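# structure for this input, please:
(chains A and B)
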Amino acid sequence: MQIDAQLQRKLIGEVARCVIDHAEELTALDQAVGDGDHGINMKRGFEAVLGDLDKTSALPMPEALKAVGMALVMKVGGASGPLYGTLFIALGKAFPESPTRAALAEAFSAAVEAVKTRGKSDVRMKTMLDVLVPVLETLRRSGGDVYTELRATAQAAAAATVPMQAVRGRASFLGARSVGHMDPGARSSWLMVETVADVLEGKQPMTSTDKNQVISR
Amino acid sequence: MTSDKPRMNAGNVGIVIVSHSPDVARGAADMVRQMVGDVVPLAWCGGAPGGGLGTNVEAIVAAIDRAWSDAGVAILVDLGGAETNSEMAVELLSEDRRDRVVICDAPVVEGAVMAGTEASAGSTLDQVRRTAEELRAR
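Alright, predicted model coming up:
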(Lines give C-alpha, C1' and ligand atoms only; values in the text may rest on other atoms or scores of the structure.)
Protein backbone atom coordinates (compact mmCIF):
# COMPACT_ATOMS: atom_id res chain seq x y z
CA MET A 1 0.00 0.00 0.00
CA GLN A 2 1.21 3.51 -0.83
CA ILE A 3 0.29 6.30 1.57
CA ASP A 4 1.15 9.59 -0.10
CA ALA A 5 0.86 13.00 1.52
CA GLN A 6 -2.62 13.55 0.16
CA LEU A 7 -3.94 10.24 1.50
CA GLN A 8 -2.23 10.86 4.83
CA ARG A 9 -3.96 14.23 5.12
CA LYS A 10 -7.27 12.65 4.26
CA LEU A 11 -6.83 9.86 6.81
CA ILE A 12 -6.01 12.19 9.69
CA GLY A 13 -8.55 14.82 8.65
CA GLU A 14 -11.43 12.39 8.14
CA VAL A 15 -10.82 10.54 11.41
CA ALA A 16 -10.82 13.90 13.22
CA ARG A 17 -13.94 15.13 11.45
CA CYS A 18 -15.77 11.86 12.07
CA VAL A 19 -15.08 11.97 15.81
CA ILE A 20 -16.08 15.65 15.97
CA ASP A 21 -19.29 14.89 14.04
CA HIS A 22 -20.19 12.23 16.61
CA ALA A 23 -19.35 14.21 19.73
CA GLU A 24 -22.95 14.44 20.89
CA GLU A 25 -23.54 10.74 20.44
CA LEU A 26 -20.33 9.90 22.36
CA THR A 27 -21.34 12.21 25.17
CA ALA A 28 -24.80 10.63 25.35
CA LEU A 29 -23.24 7.17 25.57
CA ASP A 30 -20.88 8.39 28.27
CA GLN A 31 -23.74 9.91 30.24
CA ALA A 32 -25.20 6.41 30.41
CA VAL A 33 -22.06 4.67 31.71
CA GLY A 34 -19.51 7.31 32.72
CA ASP A 35 -19.30 10.99 33.45
CA GLY A 36 -20.63 12.30 30.16
CA ASP A 37 -17.50 13.99 28.89
CA HIS A 38 -16.19 11.61 26.23
CA GLY A 39 -17.74 13.52 23.32
CA ILE A 40 -16.70 16.99 24.40
CA ASN A 41 -13.21 15.78 25.33
CA MET A 42 -12.64 13.94 22.06
CA LYS A 43 -14.02 16.91 20.13
CA ARG A 44 -11.58 19.26 21.84
CA GLY A 45 -8.70 16.90 21.09
CA PHE A 46 -9.55 16.28 17.47
CA GLU A 47 -10.23 19.97 16.82
CA ALA A 48 -6.61 20.49 17.86
CA VAL A 49 -5.63 17.69 15.45
CA LEU A 50 -7.55 19.42 12.63
CA GLY A 51 -5.87 22.72 13.52
CA ASP A 52 -2.47 21.05 13.09
CA LEU A 53 -3.42 19.32 9.83
CA ASP A 54 -1.24 21.45 7.54
CA LYS A 55 1.74 20.70 9.74
CA THR A 56 1.06 16.99 10.26
CA SER A 57 0.35 16.39 6.56
CA ALA A 58 3.84 17.58 5.74
CA LEU A 59 5.50 15.16 8.18
CA PRO A 60 6.49 11.57 7.46
CA MET A 61 3.70 9.26 8.66
CA PRO A 62 5.44 8.08 11.86
CA GLU A 63 6.08 11.68 12.94
CA ALA A 64 2.55 12.71 11.95
CA LEU A 65 1.04 9.95 14.08
CA LYS A 66 3.18 10.95 17.05
CA ALA A 67 2.09 14.59 16.62
CA VAL A 68 -1.57 13.55 16.49
CA GLY A 69 -1.07 11.49 19.65
CA MET A 70 0.65 14.32 21.47
CA ALA A 71 -2.15 16.73 20.53
CA LEU A 72 -4.66 14.30 22.04
CA VAL A 73 -2.58 13.84 25.20
CA MET A 74 -2.39 17.60 25.68
CA LYS A 75 -5.86 18.69 24.64
CA VAL A 76 -8.44 16.02 25.46
CA GLY A 77 -8.59 16.60 29.23
CA GLY A 78 -9.84 13.14 30.19
CA ALA A 79 -8.49 9.60 30.37
CA SER A 80 -9.20 9.17 26.66
CA GLY A 81 -6.43 11.70 25.93
CA PRO A 82 -3.54 9.57 27.19
CA LEU A 83 -5.28 6.40 25.96
CA TYR A 84 -5.86 7.48 22.36
CA GLY A 85 -2.71 9.59 22.50
CA THR A 86 -0.72 6.50 23.42
CA LEU A 87 -2.39 4.54 20.61
CA PHE A 88 -1.28 7.07 17.99
CA ILE A 89 2.17 7.73 19.48
CA ALA A 90 2.94 3.99 19.73
CA LEU A 91 1.61 3.41 16.21
CA GLY A 92 3.90 6.17 14.98
CA LYS A 93 6.89 4.66 16.77
CA ALA A 94 6.21 1.23 15.27
CA PHE A 95 5.06 2.41 11.84
CA PRO A 96 6.75 0.28 9.15
CA GLU A 97 8.82 1.68 6.31
CA SER A 98 6.89 -0.37 3.78
CA PRO A 99 3.34 -0.56 5.04
CA THR A 100 2.24 -3.99 3.92
CA ARG A 101 -0.80 -5.34 5.71
CA ALA A 102 1.31 -7.73 7.79
CA ALA A 103 3.70 -4.95 8.77
CA LEU A 104 0.80 -2.63 9.64
CA ALA A 105 -0.75 -5.36 11.75
CA GLU A 106 2.46 -5.68 13.75
CA ALA A 107 2.67 -1.91 14.25
CA PHE A 108 -0.99 -1.84 15.31
CA SER A 109 -0.30 -4.69 17.70
CA ALA A 110 2.43 -2.65 19.40
CA ALA A 111 0.03 0.27 19.67
CA VAL A 112 -2.72 -1.88 21.20
CA GLU A 113 -0.26 -3.30 23.74
CA ALA A 114 0.75 0.24 24.70
CA VAL A 115 -2.92 1.13 25.30
CA LYS A 116 -3.30 -1.95 27.52
CA THR A 117 -0.33 -0.84 29.59
CA ARG A 118 -1.47 2.78 29.79
CA GLY A 119 -4.99 1.82 30.85
CA LYS A 120 -3.93 -1.18 33.00
CA SER A 121 -6.66 -2.90 31.06
CA ASP A 122 -7.43 -5.68 28.63
CA VAL A 123 -10.34 -7.08 26.67
CA ARG A 124 -13.71 -7.83 28.30
CA MET A 125 -13.47 -4.82 30.59
CA LYS A 126 -15.86 -2.74 28.46
CA THR A 127 -13.33 -0.36 26.95
CA MET A 128 -11.90 0.71 23.59
CA LEU A 129 -9.73 -2.42 23.75
CA ASP A 130 -12.82 -4.53 23.14
CA VAL A 131 -12.85 -3.03 19.64
CA LEU A 132 -9.11 -2.57 19.04
CA VAL A 133 -8.12 -6.15 19.87
CA PRO A 134 -10.66 -7.87 17.56
CA VAL A 135 -9.75 -5.36 14.83
CA LEU A 136 -6.10 -6.34 15.24
CA GLU A 137 -7.06 -10.02 14.90
CA THR A 138 -8.98 -9.28 11.70
CA LEU A 139 -6.09 -7.25 10.32
CA ARG A 140 -3.79 -10.21 10.95
CA ARG A 141 -6.05 -12.94 9.62
CA SER A 142 -8.21 -11.42 6.93
CA GLY A 143 -7.87 -13.30 3.68
CA GLY A 144 -10.53 -11.49 1.68
CA ASP A 145 -12.02 -8.05 1.57
CA VAL A 146 -10.09 -6.56 4.47
CA TYR A 147 -11.93 -3.22 4.58
CA THR A 148 -15.36 -4.84 4.73
CA GLU A 149 -14.11 -7.27 7.35
CA LEU A 150 -12.57 -4.49 9.46
CA ARG A 151 -15.80 -2.51 9.44
CA ALA A 152 -17.85 -5.57 10.34
CA THR A 153 -15.44 -6.57 13.12
CA ALA A 154 -15.41 -3.09 14.65
CA GLN A 155 -19.20 -2.83 14.56
CA ALA A 156 -19.78 -6.28 16.06
CA ALA A 157 -17.08 -5.75 18.69
CA ALA A 158 -18.55 -2.41 19.78
CA ALA A 159 -22.00 -3.97 19.98
CA ALA A 160 -20.54 -6.75 22.11
CA THR A 161 -19.64 -4.21 24.81
CA VAL A 162 -23.34 -3.53 25.47
CA PRO A 163 -23.91 -6.51 27.81
CA MET A 164 -20.49 -6.18 29.46
CA GLN A 165 -19.99 -4.85 32.97
CA ALA A 166 -17.32 -2.15 33.25
CA VAL A 167 -14.38 -2.81 35.55
CA ARG A 168 -12.15 0.09 34.49
CA GLY A 169 -12.62 3.83 34.49
CA ARG A 170 -15.50 5.81 35.84
CA ALA A 171 -18.03 3.39 34.35
CA SER A 172 -16.87 0.84 36.92
CA PHE A 173 -18.47 2.96 39.67
CA LEU A 174 -21.81 2.01 38.18
CA GLY A 175 -21.16 -1.72 38.59
CA ALA A 176 -24.04 -3.73 37.14
CA ARG A 177 -25.72 -0.53 35.96
CA SER A 178 -23.07 -0.21 33.25
CA VAL A 179 -24.62 -3.28 31.61
CA GLY A 180 -26.95 -2.52 28.71
CA HIS A 181 -25.07 0.41 27.18
CA MET A 182 -22.38 0.48 24.54
CA ASP A 183 -19.04 1.65 25.88
CA PRO A 184 -18.32 5.15 24.51
CA GLY A 185 -14.64 4.33 23.96
CA ALA A 186 -15.62 1.24 21.99
CA ARG A 187 -17.91 3.46 19.90
CA SER A 188 -15.18 6.04 19.21
CA SER A 189 -12.75 3.26 18.26
CA TRP A 190 -15.34 1.75 15.94
CA LEU A 191 -15.83 5.18 14.30
CA MET A 192 -12.09 5.57 13.72
CA VAL A 193 -11.64 2.07 12.31
CA GLU A 194 -14.61 2.56 9.99
CA THR A 195 -13.31 5.91 8.77
CA VAL A 196 -9.81 4.57 8.13
CA ALA A 197 -11.27 1.61 6.23
CA ASP A 198 -13.50 3.93 4.18
CA VAL A 199 -10.67 6.30 3.28
CA LEU A 200 -8.24 3.52 2.42
CA GLU A 201 -10.84 1.85 0.28
CA GLY A 202 -11.30 5.13 -1.54
CA LYS A 203 -14.84 5.75 -0.40
CA GLN A 204 -16.12 9.07 0.76
CA PRO A 205 -16.40 8.63 4.52
CA MET A 206 -20.00 8.73 5.62
CA THR A 207 -21.11 11.74 7.62
CA SER A 208 -22.96 11.65 10.88
CA THR A 209 -26.30 12.03 9.16
CA ASP A 210 -26.12 8.78 7.25
CA LYS A 211 -24.48 6.61 9.88
CA ASN A 212 -26.67 4.60 12.17
CA GLN A 213 -26.90 6.21 15.54
CA VAL A 214 -26.30 3.59 18.16
CA ILE A 215 -27.30 5.25 21.39
CA SER A 216 -28.85 2.61 23.57
CA ARG A 217 -30.35 4.38 26.50
CA MET B 1 -6.60 26.72 36.34
CA THR B 2 -3.57 26.58 38.58
CA SER B 3 -2.01 28.17 41.60
CA ASP B 4 0.71 29.03 43.94
CA LYS B 5 3.89 30.89 44.32
CA PRO B 6 7.10 28.89 44.52
CA ARG B 7 8.24 28.30 48.10
CA MET B 8 11.66 27.82 49.57
CA ASN B 9 11.37 24.42 51.20
CA ALA B 10 13.06 21.83 49.03
CA GLY B 11 13.65 19.51 52.01
CA ASN B 12 10.15 18.13 52.47
CA VAL B 13 8.22 16.01 50.01
CA GLY B 14 5.99 18.14 47.78
CA ILE B 15 2.26 17.61 47.29
CA VAL B 16 0.32 18.09 44.05
CA ILE B 17 -3.48 18.01 43.99
CA VAL B 18 -5.18 17.19 40.68
CA SER B 19 -8.94 17.40 40.40
CA HIS B 20 -11.39 17.63 37.52
CA SER B 21 -12.69 20.73 39.27
CA PRO B 22 -10.42 23.73 39.97
CA ASP B 23 -12.65 24.55 42.94
CA VAL B 24 -12.09 21.12 44.49
CA ALA B 25 -8.34 21.29 43.88
CA ARG B 26 -8.04 24.79 45.30
CA GLY B 27 -10.19 23.90 48.30
CA ALA B 28 -8.20 20.77 49.08
CA ALA B 29 -4.98 22.78 48.80
CA ASP B 30 -6.38 25.40 51.21
CA MET B 31 -7.05 22.64 53.73
CA VAL B 32 -3.52 21.27 53.42
CA ARG B 33 -2.06 24.74 53.72
CA GLN B 34 -4.06 25.39 56.89
CA MET B 35 -2.77 22.13 58.39
CA VAL B 36 0.89 22.46 57.52
CA GLY B 37 1.57 26.11 56.74
CA ASP B 38 4.43 26.82 54.38
CA VAL B 39 6.74 23.94 55.19
CA VAL B 40 5.45 21.67 52.41
CA PRO B 41 5.78 22.58 48.72
CA LEU B 42 2.20 22.46 47.45
CA ALA B 43 0.57 23.02 44.08
CA TRP B 44 -2.80 22.26 42.57
CA CYS B 45 -4.44 22.18 39.18
CA GLY B 46 -7.91 21.42 37.93
CA GLY B 47 -9.97 21.77 34.78
CA ALA B 48 -9.64 20.61 31.18
CA PRO B 49 -7.43 22.39 28.63
CA GLY B 50 -9.41 25.46 27.67
CA GLY B 51 -11.73 25.24 30.66
CA GLY B 52 -14.55 23.06 31.90
CA LEU B 53 -14.27 20.01 34.13
CA GLY B 54 -11.35 17.73 33.35
CA THR B 55 -7.62 17.48 33.83
CA ASN B 56 -4.77 18.88 31.80
CA VAL B 57 -1.45 17.09 31.30
CA GLU B 58 0.44 20.32 30.70
CA ALA B 59 -0.99 21.87 33.88
CA ILE B 60 -0.07 18.76 35.88
CA VAL B 61 3.52 18.92 34.62
CA ALA B 62 3.63 22.59 35.63
CA ALA B 63 2.16 21.84 39.08
CA ILE B 64 4.78 19.13 39.68
CA ASP B 65 7.40 21.68 38.76
CA ARG B 66 6.01 24.26 41.21
CA ALA B 67 5.81 21.72 44.05
CA TRP B 68 9.17 20.19 43.17
CA SER B 69 11.28 18.90 46.02
CA ASP B 70 14.44 16.84 45.83
CA ALA B 71 12.70 14.53 48.30
CA GLY B 72 10.05 13.87 45.65
CA VAL B 73 6.45 14.76 44.93
CA ALA B 74 3.26 12.91 45.88
CA ILE B 75 0.25 13.47 43.61
CA LEU B 76 -3.33 13.13 44.83
CA VAL B 77 -6.00 12.67 42.15
CA ASP B 78 -9.77 12.52 42.22
CA LEU B 79 -11.10 10.29 39.42
CA GLY B 80 -9.88 8.03 36.60
CA GLY B 81 -8.95 10.68 34.05
CA ALA B 82 -6.95 12.60 36.64
CA GLU B 83 -4.96 9.44 37.36
CA THR B 84 -4.31 8.60 33.70
CA ASN B 85 -3.39 12.19 32.88
CA SER B 86 -1.10 12.34 35.92
CA GLU B 87 0.65 9.12 34.82
CA MET B 88 1.12 10.69 31.39
CA ALA B 89 2.49 13.87 32.98
CA VAL B 90 5.01 11.87 35.04
CA GLU B 91 6.26 10.20 31.87
CA LEU B 92 6.85 13.60 30.32
CA LEU B 93 9.18 14.63 33.16
CA SER B 94 12.93 14.48 32.79
CA GLU B 95 14.38 11.09 33.60
CA ASP B 96 16.00 12.23 36.86
CA ARG B 97 12.64 13.48 38.18
CA ARG B 98 10.35 10.71 36.95
CA ASP B 99 11.36 8.21 39.63
CA ARG B 100 10.75 10.68 42.42
CA VAL B 101 7.05 11.23 41.74
CA VAL B 102 4.29 8.92 42.96
CA ILE B 103 0.53 8.95 42.41
CA CYS B 104 -1.26 8.02 45.63
CA ASP B 105 -4.19 5.64 45.57
CA ALA B 106 -6.20 7.68 48.06
CA PRO B 107 -9.20 10.02 48.25
CA VAL B 108 -8.11 13.43 47.04
CA VAL B 109 -9.09 15.67 49.98
CA GLU B 110 -8.34 13.39 52.91
CA GLY B 111 -5.31 11.96 51.13
CA ALA B 112 -3.87 15.40 50.47
CA VAL B 113 -4.30 16.43 54.11
CA MET B 114 -2.74 13.19 55.40
CA ALA B 115 0.09 13.31 52.87
CA GLY B 116 0.73 16.97 53.64
CA THR B 117 0.87 16.30 57.37
CA GLU B 118 3.24 13.39 56.89
CA ALA B 119 5.41 15.44 54.53
CA SER B 120 5.59 18.30 57.04
CA ALA B 121 7.31 15.92 59.46
CA GLY B 122 10.15 15.42 56.99
CA SER B 123 9.08 11.88 56.02
CA THR B 124 10.28 10.12 52.90
CA LEU B 125 8.21 9.96 49.73
CA ASP B 126 7.36 6.33 50.44
CA GLN B 127 6.13 7.15 53.96
CA VAL B 128 4.05 10.02 52.63
CA ARG B 129 2.45 7.75 50.06
CA ARG B 130 1.76 4.97 52.58
CA THR B 131 0.13 7.38 55.01
CA ALA B 132 -2.17 8.73 52.30
CA GLU B 133 -3.00 5.22 51.13
CA GLU B 134 -4.06 4.07 54.59
CA LEU B 135 -7.25 5.93 53.71
CA ARG B 136 -7.90 3.78 50.67
CA ALA B 137 -11.43 2.46 50.52
CA ARG B 138 -12.06 -1.32 51.09
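# which residues in chain A form helices?
For chain A, the helices defined by DSSP state H occupy A:5-21, A:23-33, A:38-51, A:53-57, A:61-75, A:80-94, A:101-119, A:129-141, A:146-159, A:184-201.
# the longest one - contacts with which helices or strands?
Which is helix A:101-119. The helices and strands touching helix A:101-119, judged by 3 or more Cβ pairs under 8 Å, 6 or more residues apart in numbering or on different chains; DSSP states H and E, are helix A:80-94, helix A:129-141, helix B:80-91. To be clear about C-beta, it is placed using only N, CA and C from the backbone, and glycine gets the same treatment.
# for residue A:62, find the nearest of these.
Evaluated over the helices and strands packed on helix A:101-119, closeness to residue A:62 peaks at helix A:80-94, with 4.5 Å, by Cβ to Cβ.
# from residue B:65, how far out is the residue minimising distance to the centre of chain B?
What sits nearest the mean C-alpha location of chain B, by Cα atoms, centre = their mean, is residue B:16, with 1.6 Å. Separation of residue B:16 from residue B:65 (Cβ to Cβ, to the nearest Å): 10 Å.
# what residues does chain A put near chain B?
Proximity of chain A to chain B, by Cβ under 8 Å from any Cβ of the partner chain, involves residues A:35, A:37, A:40-41, A:44, A:73-83, A:85-86, A:118-119, A:168-170.
# again, only using 10 Å
Where chain A comes near chain B, counting by Cβ under 10 Å from any Cβ of the partner chain, the residues are A:34-37, A:40-41, A:44-45, A:47-48, A:70, A:72-83, A:85-86, A:118-120, A:168-173.
# overlap of the contact sets of residue B:16 and residue B:65?
B:43, B:73 (Cβ atoms under 10 Å, 6 or more residues apart in numbering or on different chains).
# what residue ranges in chain B score low on pLDDT?
For chain B, the stretches flagged by pLDDT under 70 are B:1-10, B:137-138.
# that older thread, which residues sit in contact with the residue nearest to the centre of chain B?
B:25, B:29, B:41-45, B:60, B:62-68, B:73-77, B:86, B:89, B:101, B:103, B:112, B:115.
# quick one, which of those residues are buried?
Restricting the contacts of residue B:16 to buried positions leaves B:25, B:29, B:41-45, B:60, B:62-64, B:66-68, B:73-77, B:86, B:89, B:101, B:103, B:112, B:115, with burial counted as 16 or more other Cβ atoms under 10 Å in any protein chain shown.
# mind naming the longest helix for chain B?
When chain B is parsed with DSSP H, its longest helix is helix B:22-36.
# would JSON lines of the helices of chain A with mean neighbour count and mean pLDDT be doable?
Shown next, in JSON lines, are the helices of chain A (neighbours: other Cβ atoms under 10 Å in any protein chain shown; pLDDT from 0 to 100):
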{"stretch": "helix A:5-21", "mean neighbour count": "19", "mean pLDDT": "97"}
{"stretch": "helix A:23-33", "mean neighbour count": "22", "mean pLDDT": "93"}
{"stretch": "helix A:38-51", "mean neighbour count": "23", "mean pLDDT": "96"}
{"stretch": "helix A:53-57", "mean neighbour count": "15", "mean pLDDT": "96"}
{"stretch": "helix A:61-75", "mean neighbour count": "22", "mean pLDDT": "97"}
{"stretch": "helix A:80-94", "mean neighbour count": "24", "mean pLDDT": "97"}
{"stretch": "helix A:101-119", "mean neighbour count": "18", "mean pLDDT": "96"}
{"stretch": "helix A:129-141", "mean neighbour count": "21", "mean pLDDT": "97"}
{"stretch": "helix A:146-159", "mean neighbour count": "19", "mean pLDDT": "97"}
{"stretch": "helix A:184-201", "mean neighbour count": "24", "mean pLDDT": "97"}
